[in-house]
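A.B. asks: Got a predicted structure plus its sequence, pasted below:
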Amino acid sequence: MTSSIPQLPDTDPSSCVLDAYRIAIAKRLSETLPLTLQKAYDGVDYGKKGEDFTVALPRFRLPGKVDEVAAKVIENFQPDEWISTIVHDKAFLHFKLNTESMIHDILTQVHALTHLTPSKQPEYGTNLTGKGKKVVIEYSSPNIAKSFHVGHLRSTIIGGFLANLYKACGWEVTSLNYLGDWGTQFGMIATGYEKYGSQEELEKDAIKHLFDVYVKVNKDAEADPEVKVEAARWFKRMEDGDESALKNWRVWRELSVKKYEGEYERLNIHFDEYTGESMVGKESMDTALKRLEELGLIADSNGAKIVDLKKYKLESAVVRKKDGTSIYLTRDIGGAIERYEKYKFDKMIYVVSSQQDLHLAQFFKVLDLMEFPWAKNLVHVNYGLVQGMSTRKGTVVFLDQIIKEAASVMHDQMMKNEDKYNAVEDPETVSREIGITGVKIQDMAAKRINNYTFNWDRMKSFEGDTGPYLQYAHVRLASIGRKNPHLIPLPPPSQIDTTSLSSYSQAREIAFLLGTYPDVVKVALKTHEPSGVVTFAFRLAHAISSAWDVVIVKGEEDLEKARAKMFLYECTRDVLGSALRLLSIRPLERM
Ligand code: ARG
């Protein structure tokens, strides 16, 4: 059908069929008004509730009164396969799409791009705008031996989403976990380890044991200033590459990473590489400092070296300590240079809390002053604080506590309904998955920069805009096939007549929403906001709830009609599943 409409750059009806409808609207506008097709197209927006597309006429700055302009578009309009009505309301024109063809086209496309494998076609909702481009995305990046706080969890969740998103848009993605595995605190741990270390505890849970040692040695340091001196000496030896000082550290790092890997797996989060502050080479840092000196950007401050960024309203920052050891900022500068050499990225994204806005701005600026052309391709994706994430036992210190608490809160909730609980095949896994979904959805539901207060009660609820609600919607969709086995498998879409769906406003709403999904993905890429995808999933889940008691498969005696309904639900499940997966959530089949 898409053959009868003209083409426009940056549109692709073969992956987003609503593009074709927008072009059809633009065509009508450009044929009746002095506008190019492109100009007209740029003015076609999604409408408010109940409208498909809306055009705000004043934006075209056309001569004449707005009523006259509107009248020209409407005059002699004949409904066609694309547009069924045009309604004029003040400065706006509302376009309603041809319900029958819209439903048919969208469902057919969803199905084709989800199931016609193996094919080179991208999955429904994805696009190839990033083809040939490379992005490096750094996220999570916890500090070994310190607590994994909610800030790290947010970085993990948002970063995991961004990695999926860039892949969905055709980019070649390298995901990095940049561990805080270096710095004076390791001198502290080395000092404390001599006194408090235990091989057994370390092997049981490296993350917890190192944290305990760190807490204890810090207490000691409060009473005895010698401890810090000793720690600094240790760290200096480590920086100088003294193998005897590095031996333990290597084991600590390795065991911590191993523990983390299991936890990330539970969260459905993956990294191509575990790197860390320790991996940044001395050489690249030295070269960077030398270059900064040459540029006259370095000043001396009591033996330490600082870079003065006050001119840029970025204060001044220490780049090398008095004893010659490196610091966080310098490692980031050297690290970025090494990453560029290694990956030749077109873009590099750091997912780090807004508390570090200044730090990120500083090292981006330094790289810019060093005249690296790629410095302008560094992006800081930041986010606000989370309050109130504590378990029933107290404050959260480790990632596995968060996962366990989410699972157990959900488990308790599910046990409240005994019959249902007993029907679940593997309640442990199911409750953990739903719990993790709840945590993720709560985290991604609002704009990144907002602070929010974590709420376990809201997280576990199956009602309202929550993770469990979305999983429930998906499970319900997945169950229709099981409950109506006589309809499965459906015949190919070309043999399914979807006309009967047009009589249900609920079916229309669902289909249209499905049609918007490719745009939802594109917008998310521009804004780096997961919230748009979450909102989309909620809207879809609500639309499904409304359809449920009206568009009924069970008991539909007309086979043609039953198939059409089934087809609608199957497509809906595909898209809801895709949206959840994009958010790093594993959609459940049963609960
Ligand atoms: N490990 C750091 C922290 O916990 C976060 C690292 C952020 N990334 C970076 N390249 N600086 O505060």
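C.D. replies: That came through fine.
A.B. asks: interface residues of the stretch 51-200 of the chain facing the ligand?
C.D. replies: Residues of the stretch 51-200 of the chain lying close to the ligand by C-beta under 6 Å from any ligand atom are 138, 141, 143, 178, 180. Glycine gets a C-beta too; all of them are placed from N, C-alpha and C.
A.B. asks: now do the chain
C.D. replies: With C-beta under 6 Å from any ligand atom as the criterion, the chain comes near the ligand at residues 138, 141, 143, 178, 180, 332, 350, 352.
A.B. asks: burial count for the residue of the stretch 251-400 of the chain found nearest the ligand?
C.D. replies: Ranked by C-beta to the nearest ligand atom, the top residue of the stretch 251-400 of the chain for proximity to the ligand is Val352, at 4.4 Å. Neighbourhood size, Val352 [other C-beta atoms under 10 Å]: 23.
A.B. asks: tell me the phi and psi of it?
C.D. replies: The phi and psi values for Val352, taken as degrees, to the nearest 10, are phi -140, psi 140.
A.B. asks: Now do the residue of the chain positioned farthest from its centre, the pLDDT please.
C.D. replies: In terms of distance from the mean C-alpha position of the chain, Asn76 ranks first, at 46.5 Å (C-alpha atoms, centre = their mean). On pLDDT, Asn76 comes in at 95.
A.B. asks: Under a three-state scheme, what state does it occupy?
C.D. replies: Classification of Asn76 by DSSP: H, G, I helix; E, B strand; the rest coil places it in coil.
A.B. asks: In contact with it: list those residues for me.
C.D. replies: By C-beta atoms under 8 Å, 6 or more residues apart in numbering, the contact list for Asn76 is empty.
A.B. asks: how about the nearest residue to the residue of the stretch 1-150 of the chain found nearest the ligand, chain neighbours excluded?
C.D. replies: Relative to the ligand, the nearest point of the stretch 1-150 of the chain is Ser141 (3.9 Å; C-beta to the nearest ligand atom). Distance criterion C-beta to C-beta, 6 or more residues apart in numbering; nearest residue to Ser141, sequence neighbours excluded, is Tyr178 at 4.4 Å.
A.B. asks: and stretch 51-68, which residues are buried?
C.D. replies: 51-55, 57, 60, 66 (16 or more other C-beta atoms under 10 Å).
A.B. asks: Please enumerate the strands of the stretch 351-500 of the chain.
C.D. replies: For the stretch 351-500 of the chain, the strands defined by DSSP state E, counting those that start in this stretch occupy 378-381, 386-387, 390-391, 394-395, 452-453.
A.B. asks: Return the list of strands paired to the fourth one, each annotated with direction.
C.D. replies: Looking back up the chat, that one is strand 394-395. Using DSSP bridges, the strands paired with strand 394-395 in its sheet are strand 390-391 (antiparallel).
A.B. asks: again, but for the second one
C.D. replies: When pairing is defined by DSSP bridges, strand 386-387 lines up against strand 452-453 (parallel).
A.B. asks: circling back to that earlier point, in this structure the residue of the stretch 1-150 of the chain closest to the ligand contacts Ser175, no?
C.D. replies: No: taking contacts as C-beta atoms under 8 Å, Ser141 lies outside contact range of Ser175: 11.2 Å.
A.B. asks: any idea which residue sits dead centre in the protein?
C.D. replies: By C-alpha atoms, centre = their mean, the mean C-alpha position of the chain lies nearest to Phe161, the distance being 2.3 Å.
A.B. asks: three-state assignment of the residue nearest to Ser141?
C.D. replies: Tyr178 is classified as strand under three-state DSSP.
A.B. asks: returning to what we had before: can you list the buried residues of stretch 51-68 in TSV and add secondary structure and pLDDT?
C.D. replies: As requested, the buried residues of stretch 51-68 are exported to TSV (DSSP: H, G, I helix; E, B strand; the rest coil; pLDDT from 0 to 100):
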residue	secondary structure	pLDDT
Glu51	coil	91
Asp52	coil	98
Phe53	strand	98
Thr54	strand	98
Val55	strand	98
Leu57	helix	98
Phe60	helix	97
Val66	helix	97
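A.B. asks: Identify the residues contacting the residue of the stretch 1-150 of the chain closest to the ligand.
C.D. replies: 152, 155, 177-180, 352.
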